[in-house]
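coords below, sequence missing:
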Ligand SMILES: Cc1cc2nc3c(=O)[nH]c(=O)nc-3n(C[C@H](O)[C@H](O)[C@H](O)COP(=O)(O)OP(=O)(O)OC[C@H]3O[C@@H](n4cnc5c(N)ncnc54)[C@H](O)[C@@H]3O)c2cc1C
């Protein structure tokens, strides 16, 4: 059976594995200790923050079919219901809620965990396993590629001592710059993906010991400001509704402009902007967390669903192909899965 190694267990990698699982032997390689990638969640001081994707759209019919059971079960629920735009000073303007916009109950990463449990049982999933380099495996004709595994980790998880992985096909769903670093330069798409710029994003997390009655659940600022978007996780389904937990993403342009700045300075700028634009006193937060996303979303996506070198049996997919959205990551992964299936 053809052996396919998929690097990355975010929405794109999991969709790929789902599309290919009955047609090949799949190894899913993920450097973190759990699946879900940038649809991320963290708990701190009794409150939970979705600190990557806050919500997702469901528009494509195939994506809708995969998501339908999760909507029926209540794992996905319409959110936000009271969105606003930050206007001048602390004023807000209401926005229309979108009927195709959903948040995950409990924690953002519960969705990809559920898809993995429901559809990928029996698949060889290697967590805490970082692919370092993809090199030609030329000792025999058994497999085309060797994925060299980096046995160090940077998220505090225990290093995985698994040996290098051999595969006939290797697909990366890591962000474009990381994919370009791993892939052999002989891949016919190497230059194309090396040219895709990714934007950064700073995320501030503020936990409070009571509910802030702002009147909104999500608020949009601007790309070139310290506040691009705010979500109150308290208002999402199956969360602790008694305590506000704000996830604040700086605007992508503002974040990219300050990626090299001192994180403490960035944090201070964002906290001051929260007060200036919402009247919420960040200093009264009982928990303050901070995260820098180096590769948050593509500044200019590829505008093709995936890249594939059929003669070398190398390919790549991810949100950087169609745009920085969860649904686009699914569309990219599943389109590549179907294309590879058609070659088998
Ligand atoms: C701050 C922020 C806010 C966002 N808000 C929204 C939103 O509100 N709505 C929306 O739709 N989208 C949002 N997005 C975008 C959305 O999160 C992404 O489009 C989507 O999750 C991308 O999925 P993916 O599978 O392409 O990539 P990822 O989720 O990044 O998955 C790639 C995986 O590859 C792994 N990986 C990388 N390198 C290696 C390696 N060398 N070895 C092994 N594994 C590796 C990573 O750990 C990761 O799990 C947001 C993103 C960020 C960062």
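Okay, I see it. Not measured: the values here are computed from a predicted model.

Okay, residue 37 and residue 241: tell me how far apart.
27 Å (C-beta to C-beta, to the nearest Å). (Each C-beta comes from the backbone N, C-alpha and C, glycine too.)

And those two? Which one has more around it.
residue 37 (27 against 11; other C-beta atoms under 10 Å).

where does the stretch 51-200 of the chain have low pLDDT?
139-142, 151-162 (pLDDT under 70).

And the helices in it?
Taking DSSP state H, counting those that start in this stretch, the helices of the stretch 51-200 of the chain run over residues 61-72, 110-119, 176-182, 190-194.

For the shortest one, which outside residues touch it?
Outside helix 190-194, the residues within contact range by C-beta atoms under 8 Å, 6 or more residues apart in numbering are 176, 177, 179, 180, 183, 184, 302, 307, 316, 320.

what would the residues you listed look like in TSV with distance to residue 28 and neighbour count?
Shown next, in TSV, are the contacts of helix 190-194 (distance: C-beta to C-beta, whole Å; neighbours: other C-beta atoms under 10 Å):
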residue	distance to residue 28	neighbour count
176	20	25
177	21	15
179	16	29
180	21	21
183	18	25
184	21	15
302	23	22
307	19	25
316	15	31
320	19	29
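
Closest one of those to the ligand?
The ligand lies nearest to residue 320 out of the contacts of helix 190-194, by C-beta to the nearest ligand atom, at 7.0 Å.

you'd agree the closest one is up against residue 175?
Yes: applying C-beta atoms under 8 Å, one finds residue 320 in contact with residue 175, separated by 6.1 Å.

For these two, list the residues in contact with both.
Shared contacts of residue 320 and residue 175, counting by C-beta under 8 Å, 6+ apart, come down to residue 198.

Up against the ligand, what does the protein have?
7-13, 29-32, 37-39, 52-56, 130-131, 173-175, 178, 182, 201, 203, 249, 293, 296-297, 318-319, 324-326, 329 (C-beta under 6 Å from any ligand atom).

So which of these sit within strands?
7, 29, 56, 130, 131, 201, 203, 249, 293, 296, 297 (DSSP state E).

what does the helix or strand harbouring residue 334 contact?
Element membership for residue 334 (DSSP states H and E) is helix 326-342. Applying C-beta under 8 Å, 6+ apart, the contact partners of helix 326-342 are 4, 10-20, 23-24, 39, 53, 56-60, 62-63, 66, 169, 171, 173, 301, 305-306, 308, 315, 317-319, 321-322.

buried residues in that helix?
Neighbour counts using 16 or more other C-beta atoms under 10 Å place 326-337, 339-340 of helix 326-342 among the buried residues.

what angle do that helix and helix 61-72 make?
120 degrees (axes from the mean of the first three to the mean of the last three C-alpha atoms, to 10 degrees).

what's the neighbour count on the closest residue to residue 251 other than its chain neighbours?
In space, and not counting its chain neighbours, residue 251 is closest to residue 228: 3.5 Å by C-beta to C-beta, 6 or more residues apart in numbering. Using other C-beta under 10 Å, residue 228 has 22 other residues around it.

OK, contacts around residue 228?
Residue 228 neighbours (C-beta under 8 Å, 6+ apart): 201, 220, 221, 222, 249, 250, 251, 252, 254, 255.

Now intersect those with the helices, please.
Among the contacts of residue 228, DSSP state H puts 252, 254, 255 in helices.

Among those, which one lies nearest to residue 277?
residue 254 (12.9 Å; C-beta to C-beta).
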